[in-house]
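1. build me a model:
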Amino acid sequence: MSPPVSEIDQVAAKVAAVPVRLDSGPGRPLMAALLMTLAAALFACLNGLVKQTNLLGMDALQISFLRSVFAAGAMLPFLVQPIRRNGFAYLIPQRPFLMLFRGATASVGVIVWMTALTMLPLAEVTAISFAAPLFATIGSAVILRETVRLRRWTAVAIGFVGVLVILRPGMVPLEPGTIWALAAAGGMAMSALLIKLLTRTEPPERIVFWTNVCLTIGTLIPALTVWMPMTPELWLLGIGMGVTGAVSHILMTKAFAAADASIVIPFDYARLPFVAIVGYFAFGQVSDYITWIGAAIIASSAIYIARREQQLTKKSRPVQD
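-> Residues are numbered from 1 along each chain as shown. Predicted coordinates for the structure are as follows:
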């Protein structure tokens, strides 16, 4: 089982198809669907905890640090067995500069994501984050030099139409929070691309270890500039973020181990209705139908891209895309 990571990395793992097993065969589709749906529900609760912490006066920078610290704490038990088996040398990366760059981008990504959550309704941020696979597809072609043919480019174009539906440029003012949400989606895509590169030489536990080290250090310095004293309520919220984040990732990992990715990934988009429920009952947020339409367009495109990626991965010969 892979160790828990941040929200950015949870989404990136799905986009990059690592480190979870995506070629596990038909397996148990009903169990996989249930596990991923539960993971999506916990992800929505996690975002709600972030929002509530911000409403109590904590800045997104400090929230990012707390989330990183509790994620690091949840990670430690997963390192015991690999270190016992291989020694502490197991943690030494083969590509240290790429690992540090991945950690730095993850730190920026978490801060951007938390900032977006504090500035926009939860459902809107979640809907925009669905664009991450679209950015990842572009990045795989431009940065990784992977071949992306007409069908996936068409899906990317349709997906960005969904983004425009949500943003409604020229009809409603472009809010700063929207920019942060788009940047977070781009950060998820970059994280996915770097994970793809790193998993060629590094095991998942090592990647997650260094990511959490970089996250803790990288978010601490900005957090100190806005630090507010911790109250018992804030400590409980921080622990809640750590627990829900860890459990949601474990459920996600088990879902991918139980069934084929093409079955599992669509259920990840249940995050939107769950987030909408949390936003409505906890914060009185109401999402308009245009956001739902845009999210449906983006999700459909992203699901197609994921299915197509898996089809091409499973085939030993090149396929006309």
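2. okay, CA-based contacts and neighbour counts for the rest of this
-> Will do.
3. for stretch 282-300, C-alpha coordinates in PDB please.
-> Extracted in PDB, the C-alpha atoms of stretch 282-300 (Å, rounded to 0.1, in the frame of the first residue of the first chain):
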ATOM      1  CA  ALA A 282     -21.600  23.600   6.300                       C
ATOM      2  CA  PHE A 283     -21.200  27.000   4.700                       C
ATOM      3  CA  GLY A 284     -24.500  27.800   2.900                       C
ATOM      4  CA  GLN A 285     -22.800  27.600  -0.600                       C
ATOM      5  CA  VAL A 286     -25.000  27.000  -3.600                       C
ATOM      6  CA  SER A 287     -23.500  26.000  -7.000                       C
ATOM      7  CA  ASP A 288     -25.300  27.200 -10.100                       C
ATOM      8  CA  TYR A 289     -26.300  24.800 -12.900                       C
ATOM      9  CA  ILE A 290     -23.700  26.300 -15.200                       C
ATOM     10  CA  THR A 291     -20.900  25.100 -12.900                       C
ATOM     11  CA  TRP A 292     -22.400  21.600 -13.000                       C
ATOM     12  CA  ILE A 293     -22.600  21.700 -16.800                       C
ATOM     13  CA  GLY A 294     -19.000  22.800 -17.200                       C
ATOM     14  CA  ALA A 295     -17.900  20.100 -14.700                       C
ATOM     15  CA  ALA A 296     -19.700  17.400 -16.600                       C
ATOM     16  CA  ILE A 297     -18.000  18.400 -19.800                       C
ATOM     17  CA  ILE A 298     -14.600  18.500 -18.200                       C
ATOM     18  CA  ALA A 299     -15.100  15.100 -16.400                       C
ATOM     19  CA  SER A 300     -16.300  13.400 -19.600                       C
END
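4. so for it, what gets flagged as buried?
-> Using 16 or more other Cα atoms under 10 Å as the test for burial, stretch 282-300 gives 285, 291-300.
5. give me the neighbour count for Leu224.
-> 12 (other Cα atoms under 10 Å).
6. for it, report the pLDDT, please.
-> If you check Leu224, the pLDDT there is 97.
7. correct me, but Lys51 touches Thr115?
-> No: counting by Cα atoms under 8 Å, Lys51 stays clear of Thr115, with 9.8 Å between them.
8. wait, isn't Thr201 in contact with Gln94?
-> Yes: judged on Cα under 8 Å, Thr201 makes contact with Gln94 at a distance of 6.7 Å.
9. so Lys51 and Thr115 - more neighbours on which side?
-> Set side by side, Lys51 and Thr115 show more neighbours around Lys51, with 26 against 23, by other Cα under 10 Å.
10. and the helix or strand harbouring that one, what's buried?
-> Here Lys51 is covered by helix 29-55, with elements defined by DSSP states H and E. If you call a residue buried by 16+ other Cα under 10 Å, then helix 29-55 has these buried ones: 29, 32-33, 35-54.
11. so where do the helices sit in this protein?
-> 7-16, 29-55, 60-75, 80-86, 96-119, 122-129, 132-142, 150-167, 176-198, 204-224, 232-258, 261-268, 271-283, 289-314 (DSSP state H).
12. which residues does Pro203 contact?
-> For Pro203, no residue meets the contact criterion (Cα atoms under 8 Å, 6 or more residues apart in numbering).
13. burial count for Glu146?
-> Neighbour count for Glu146, taken as other Cα under 10 Å: 12.
14. wouldn't it be in contact with Ile138 here?
-> No: using Cα under 8 Å as the test, Glu146 is too far from Ile138 to be in contact (9.5 Å).
15. tally of neighbours for the nearest residue to Thr37 once chain neighbours are set aside?
-> Excluding the flanking residues, the one nearest Thr37 by Cα to Cα, 6 or more residues apart in numbering is Phe267, at 5.8 Å. Residue neighbour count, defined by other Cα under 10 Å, stands at 19 for Phe267.
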